[in-house]
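Chemist: Give the three-dimensional model of this entry:
(chains A and B)
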Amino acid sequence: MLDRLTPSGVAVPAFLITWSLVVILPLLVIVLFSFLQVKSYRVVYVPTLGTWESVIDSGRWIVAVRTLRIAITMTLIELLLAFPFALWLAKGCKSKPAKAIIITLLTIPFFLDTSSRIIVWRSILGTNGIVNTVLTSLGIVDEPISWLLYSEFAVHFGMLGSYFPTMVFPIFMIMSLIDDDYLQASSDLGASPGQTLLYVILPMSLPGVVAGVVFTLVPLMAAFVEPQMLGGGFVNLLGNSVNSALQELKYPTAAALSTIVVALLGVCLAALILITRKRFDMSTMFQAIRR
Amino acid sequence: MIGTSDLPTLALIDERQLAGSSRFWRSVSRWKGWPTAAKWLGFFAIAMIYVPLVWLAIMSIAQSPLSGIPYPLTTANYAALAADSRWIPPLQVSLVMSTLVAIVCMVIATMVGRSITRMRRPGGVLLLTLLPLFVPGLTMGAALFIFLRTMLGLKMGYWSIFLAQLVWALPFALLLVLVIASRFDLRLLEAAEDLGATPWRRFWDIEMPILRPGVFGAGVFGFLLSFNELLRSLFLRGVETTMPIYNWAMAASQQSQVPIIFSLATIILVVTLPVMGVFFWFLFVKLDRS
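Modeler: Numbers count the residues shown, from 1 in each chain, chains lettered A, B, ... in the order given. Okay, here's the model as predicted:
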């Protein structure tokens, strides 16, 4: 009976084939493409390691290392800010309107234009910016602090707000699913709040933490606007390198750098899965949450 | 063990055996200020999102927006914006493009979403569809560009921007439809069939009204995600320009152009923030009830 109710079997296969053509195939193509060469605007279909050698020789790998370092640092900072906040939002915040307002405030930034949000930091952090103006007029510093803008500090600072919601949401959602009875039981059995956090809340919210890290790390590896506008040319990340490689028509280089991004992400995710699997058994956690 | 009279004594011994460092951790864990600290750290991060927006609005009426002092005040930036018409075509392109992405997202997400819930093993299909969520924008953009432009030799244009934005927005749209569709009771359709409803009426009169919040959400997310997409559009734009690309080019260019985007971004914010605020408010209040 139910078989006759299933929608025509064409929709899903047709979609999957089209989707593979526009998503999977291009991703495979760039990996292959990084081993090819472009000579006088034509692709030469002869495998070569030339692009990879030039990527290593030209010091672009330093950019990759810097991107990875900044992405991981920012993910950790966001995690430190988001985990306690998500816990408070899920378990500590009793007022429903306050909760709805905070969730709304955290959702809206997904839909705001990045460039105009980031450019404003220039007038806050710059040498003539409001922070330096206030500091110098109050006599706290003698001359404007120059490292506030066009530095790695500025890039980190500008990223802080942009990547916060992606970390909070998954952790918050999974923490809302934790039954209050578990926390009560833990405290009734004599656990201190710290022990409850470490042995009850943390294991149960770990899938949310993993999801938050993934959804924060992925866009951070592709960060583009923040380093360009707040780094002042000192903080070149892979996103900027790929953009300039494409503009210089160095397509194999762009392909190689894009491959590096995916490879680095893959290593990070594999490490994340290994670490979490060692500490906690994922499957029992899912069962616990489902209950 | 429970109810043993020894229990308080056991606890006492335990407390005494604690080393100095453990006692430190115990007092750390008992500190009453943790929830407040957690709350304010989060509020600090939220402020990092909204302080720039407020400052953007303030500086849009300042004479030199990139200096730090919002004084003297002037409406010259808005006058310059009104005199300059170069920002109008990108805005129109973005509005049309985002509407198209939203409609296509709604249609595909509904068709695929309702089919996925009826599959025995949806895992593989789901993973494949959600894959773009795990691929950084620059990789997806560069991959699509190299594939379409260099391998297939196609000419970039609005269609390739559309494709890139669809690849970005569709996974989110599909997730929203799936959340609703997975709760749909298939027996309703059986009942409708027994009562003699045609397949189309079963879909339109029974299934669609229930799926509507998910489909509507898919459209809104599709529109908003497409309207603000920068990196993928930038790689695949050819010679065309969308609103985020225009903003980015202005912000990255010489400083004389910057005042215009301050006032432009403020106008867009003033229009969109209340709409989004009300929309998400109702969405979350409704989700909370169901």
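Chemist: and A:F157, how many neighbours does it have?
Modeler: Counted with other CB atoms under 10 Å in any protein chain shown, residues neighbouring A:F157 total 18. Any C-beta I mention is one placed from the backbone N, CA and C, and that applies to glycine too.
Chemist: what does the one 4 residues further on give?
Modeler: Here the neighbour count serves as a burial measure; for A:G161 (other CB under 10 Å) it reads 23.
Chemist: Using CSV, list the CA coordinates for the helix or strand it falls within.
Modeler: For A:G161, the host element (DSSP states H and E) is helix A:152-162. Coordinates of each C-alpha in helix A:152-162 appear next as CSV, following Å, rounded to 0.1, in the frame of the first residue of the first chain:
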residue,chain,number,x,y,z
GLU,A,152,46.8,39.4,13.2
PHE,A,153,45.1,40.8,16.3
ALA,A,154,42.7,42.8,14.2
VAL,A,155,41.9,39.7,12.1
HIS,A,156,41.2,37.6,15.1
PHE,A,157,39.1,40.3,16.7
GLY,A,158,37.1,40.9,13.6
MET,A,159,36.4,37.2,13.3
LEU,A,160,35.2,36.9,16.9
GLY,A,161,31.6,37.9,16.3
SER,A,162,31.2,36.4,12.8
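Chemist: got a list of contacts for that helix?
Modeler: With contacts defined as CB atoms under 8 Å, 6 or more residues apart in numbering or on different chains, helix A:152-162 is touched by A:70, A:73-74, A:77-78, A:109, A:114, A:117-118, A:121, A:125, A:147-148, A:220, A:223, A:226-227, A:229-232, A:234-235, B:45-50, B:52.
Chemist: Please, where are all the helices along the stretch 51-200 of chain B?
Modeler: Ranges of helices within the stretch 51-200 of chain B are B:76-83, B:88-116, B:123-130, B:137-145, B:158-181, B:187-194, B:199-201, based on DSSP state H, counting those that start in this stretch.
Chemist: mind listing what's buried in stretch B:198-218?
Modeler: Neighbour-count burial for stretch B:198-218 flags B:R202, B:F203, B:I206, B:E207, B:L211, B:P213, B:G214, B:V215, B:F216, B:G217, B:A218 (criterion: 16 or more other CB atoms under 10 Å in any protein chain shown).
Chemist: So of these, which two are at opposite extremes in space?
Modeler: Within those, B:R202 and B:G217 form the most distant pair, 22.8 Å apart (CB to CB).
Chemist: Where does the prediction get shaky in chain B?
Modeler: B:1-21, B:254-258, B:287-290 (pLDDT under 70).
Chemist: max-length helix in it?
Modeler: Counting by DSSP state H, the longest helix found in chain B is helix B:258-289.
Chemist: That one vs helix B:88-116, what angle?
Modeler: Orientation check (axes from the mean of the first three to the mean of the last three CA atoms, to 10 degrees): helix B:258-289 against helix B:88-116 gives 20 degrees.
Chemist: which is the next helix or strand following the helix holding A:G161?
Modeler: Criterion used, DSSP H and E; the element after helix A:152-162 is helix A:164-177.
Chemist: residues in contact with that next one?
Modeler: A:75, A:78-79, A:81-83, A:85-87, A:89-91, A:106-107, A:109-110, A:201, A:204-205, A:207-209, A:211-213, A:215-216, A:219, A:289, B:42, B:45-46, B:48-49.
Chemist: Just the ones in helices from those residues, please.
Modeler: Going by DSSP H, the helices hold A:75, A:78-79, A:81-83, A:85-87, A:106-107, A:204-205, A:207-209, A:211-213, A:215-216, A:219, A:289, B:42, B:45-46, B:48-49 from the contacts of helix A:164-177.
Chemist: Can you flag the buried ones in those residues?
Modeler: A:75, A:78-79, A:81-83, A:85-87, A:106-107, A:204-205, A:207-209, A:211-213, A:215-216, A:219, A:289, B:42, B:45-46, B:48-49.
Chemist: Now stretch B:119-126: buried residues?
Modeler: Quick answer for stretch B:119-126 (16+ other CB under 10 Å): B:P122, B:V125, B:L126.
Chemist: Hmm, I typed the wrong one, I wanted stretch A:34-42.
Modeler: Buried residues in stretch A:34-42 (16+ other CB under 10 Å): A:S34, A:F35, A:L36, A:Q37, A:V38.
Chemist: how many neighbours does residue 276 have?
Modeler: I went with chain A, as the question did not name one. With other CB under 10 Å as criterion, A:T276 counts 18.
Chemist: that's the wrong chain, I wanted chain B
Modeler: 19.
Chemist: For it, which non-adjacent residue is spatially closest?
Modeler: Distances taken as CB to CB, 6 or more residues apart in numbering or on different chains put A:I108 closest to B:M276, at 5.2 Å, once the chain neighbours are dropped.
Chemist: Same check on A:V213?
Modeler: Using CB to CB, 6+ apart and skipping residues adjacent in sequence, the residue nearest A:V213 is A:T75, 5.8 Å away.
Chemist: and the one you found, what does it touch?
Modeler: A:Y163, A:M167, A:V213, A:T216, A:L217, A:L220.
Chemist: ok, now with 7 Å
Modeler: A:V213, A:T216, A:L217, A:L220 (CB atoms under 7 Å, 6 or more residues apart in numbering or on different chains).
Chemist: Distance of the second one relative to A:A222?
Modeler: Read it as A:T216. 12 Å (CB to CB, to the nearest Å).
Chemist: burial measure for residue 235, as a count.
Modeler: Since you didn't name a chain, this refers to chain A. When neighbours are counted by other CB under 10 Å, A:V235 comes out with 23.
Chemist: you looked at the wrong chain, it should be chain B
Modeler: 27.
Chemist: same thing with A:T104?
Modeler: 19.
Chemist: what are the phi and psi angles of A:V44?
Modeler: phi -100, psi 110 (degrees, to the nearest 10).
Chemist: Verify the stated contact: it with A:F33.
Modeler: No: A:V44 lies out of contact with A:F33 (CB atoms under 7 Å); the separation is 11.3 Å.
Chemist: what about these two, which has more around it?
Modeler: Per other CB under 10 Å, whichever of A:V44 and A:F33 has more neighbours is A:F33, with 26 against 12.
Chemist: So A:L217 is in contact with A:I70, correct?
Modeler: No: contact criterion CB under 7 Å: A:L217 and A:I70 do not qualify, at 11.0 Å.
Chemist: And the two? Which one has more around it.
Modeler: Taking other CB under 10 Å, A:L217 and A:I70 do not tie; A:L217 has more neighbours (25 against 22).
Chemist: how distant is stretch A:178-185 from the center of its chain?
Modeler: How far stretch A:178-185 lies from its chain's middle: 31 Å, per CA atoms, centre = their mean, to the nearest Å.
Chemist: what sits up against it?
Modeler: A:T196, A:V200, A:I201, A:M204, A:S205.
Chemist: Chain B: which of those residues is nearest?
Modeler: A:T196 (8.7 Å; CB to the nearest CB).
Chemist: How about the contacts made by the closest one?
Modeler: For A:T196, the contact set (CB under 7 Å, 6+ apart) comprises A:L183, A:S186, A:S187.
Chemist: Also B:R23?
Modeler: So B:R23 contacts nothing (CB under 7 Å, 6+ apart).
Chemist: Okay, and it sits in which element?
Modeler: Short version, using DSSP H and E: B:R23 is in helix B:20-30.
Chemist: Now do the buried residues in that helix.
Modeler: In helix B:20-30, counting by 16+ other CB under 10 Å, buried: B:S29.
Chemist: One more: stretch B:164-184?
Modeler: B:164-178, B:180-181, B:184.
Chemist: Also near chain A: which of those residues, exactly?
Modeler: When contact is defined as CB under 7 Å from any CB of the partner chain, those meet chain A at B:V167.
Chemist: Backbone dihedrals for A:F224, please?
Modeler: phi -140, psi -50.
Chemist: What's the separation between it and A:W147?
Modeler: 22 Å.
Chemist: Look at these two and report which has more neighbours.
Modeler: A:F224 (24 against 10).
Chemist: Helix or strand: which one has the nearest residue to the more buried one once chain neighbours are set aside?
Modeler: What sits nearest to A:F224 in space, not counting adjacent residues and going by CB to CB, 6+ apart, is A:G239, at 3.5 Å. In this assignment (DSSP H and E), A:G239 forms part of helix A:238-247.
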